[in-house]
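S.K.: here is a sequence together with a model predicted from it:
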Amino acid sequence: MGKGGEQGEEGGGGGEREAPIPAYTWEEIQKHNLRTDKWLVIERKVYNITQWVKRHPGGIRVISHYAGEDATDAFWAFHPDITFVKKFLKPLLIGELAPGEPSQDREKNVKDFRALRKTAEDMKLFKSNPIFFSLYLIHIIVMEVLAWLMVSYCGTSWSITFVLSIILTVSQAQAGWLQHDFGHLSVFQKSVWNHIVHKFVIGHLKVRACHMGRRMQNVCKKDIADEKMFHPLLSALKSAPNLHHKQSGQQWKKGTDVERT
């Protein structure tokens, strides 16, 4: 069985297999969750992704999280064009789950989740409405232009400033929600178009770095508390509470005080 893993990384799977595809148990698959040895399961097929993680468009962290586990639901959730993505899986295929093995590792229950997803798909909730998002963007631009025209032709009196603050507050709030949808690649089928519009909305309408926002949300945050972010009242204390995040990411806990420097 170990021989099948070596073939998956070095180029096995490029064409029809003459020998029967190897079968693996969950006990064996779960052993391959190391930095130098990663397997995962998608639709009962076993893939060796040890080297592929370095070329994975979504980054190493996300795909490595499922090493030694079933990644079927994550695979379907993250990839809009499943047919295209499956082409990359063929050279990585090393086997399949043994006939007596369950589809999920560690007896995970995903029945309700998949039923909910099926309902959402039937309701076409995953399909974006181009007209809606076009009008959404246009009305934001109209408000931004209106605010600029008011300043240009009406000056900056208190009354004008008050009206401007309302217009810009609404437009900036709406732009914030709109860039969120494009940033999550939720509008266009092609990621490149989502990125282009996302950069325009957040970079030109909100004047903020889109790369910083995407990285902050998609990359694990450091578990080091920044004392500069504490409430101003705490800055007067000689010591600040050391709030550090557990590595598991499940809860915050209060540690011993740390002397401020």
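M.R.: Looks like it arrived, so ask away.
S.K.: tell me how many other residues crowd S186.
M.R.: Residues near S186, counting by other Cβ atoms under 10 Å, number 13. C-betas here are computed from N, CA, C, even on glycine.
S.K.: check contacts around it.
M.R.: Neighbouring residues of S186 by Cβ atoms under 8 Å, 6 or more residues apart in numbering: S128, N194.
S.K.: quick check: it vs A77, distance?
M.R.: Remark: distance between S186 and A77 (Cβ to Cβ, to the nearest Å) = 12 Å.
S.K.: over to K206?
M.R.: 27 Å.
S.K.: just give the closest residue to C154, not the sequence neighbours.
M.R.: With sequence-adjacent residues excluded and distances taken as Cβ to Cβ, 6 or more residues apart in numbering, C154 is closest to I160, at 5.0 Å.
S.K.: the one you found against L149, yeah?
M.R.: No: the pair I160 and L149 does not pass the contact test of Cβ atoms under 8 Å, sitting 11.1 Å apart.
S.K.: between these two, which one's more packed in?
M.R.: Neighbour count, other Cβ under 10 Å: between I160 and L149, I160 has more, with 15 against 10.
S.K.: which phi and psi values does the more buried one adopt?
M.R.: phi -60, psi -40 (degrees, to the nearest 10).
S.K.: model confidence for it, exactly?
M.R.: Note for I160: predicted pLDDT of 92.
S.K.: separation between it and Y153?
M.R.: From I160 to Y153 the distance is 10 Å (Cβ to Cβ).
S.K.: ok, E28 next?
M.R.: 74 Å.
S.K.: same check, this time on P22
M.R.: Distance from P22 to Y153, by Cβ to Cβ: 75 Å.
S.K.: which residues touch the nearest residue to D37 once chain neighbours are set aside?
M.R.: Sequence neighbours aside, T50 is the residue nearest to D37 in space, at 5.8 Å (criterion: Cβ to Cβ, 6+ apart). Going by Cβ under 8 Å, 6+ apart, T50 touches E9, T36, D37, K38, W39.
S.K.: over to Y66?
M.R.: So Y66 contacts L40, A74 (Cβ under 8 Å, 6+ apart).
S.K.: A helix includes it, no?
M.R.: No: assessed with DSSP: H, G, I helix; E, B strand; the rest coil, Y66 is coil; it does not lie in a helix.
S.K.: before we move on, what's the pLDDT of it?
M.R.: 90.
S.K.: distance-wise, check it relative to I42.
M.R.: 9 Å.
S.K.: re earlier: so P22 and Y153 - more neighbours on which side?
M.R.: Between P22 and Y153, counted using other Cβ under 10 Å, P22 has the larger neighbour count: 18 against 8.
S.K.: would you agree that one is in contact with L93?
M.R.: No: using Cβ under 8 Å, P22 makes no contact with L93, being 10.1 Å away.
S.K.: which residues in the stretch 151-261 of the chain form helices?
M.R.: 158-183, 191-200, 210-218 (DSSP state H, counting those that start in this stretch).
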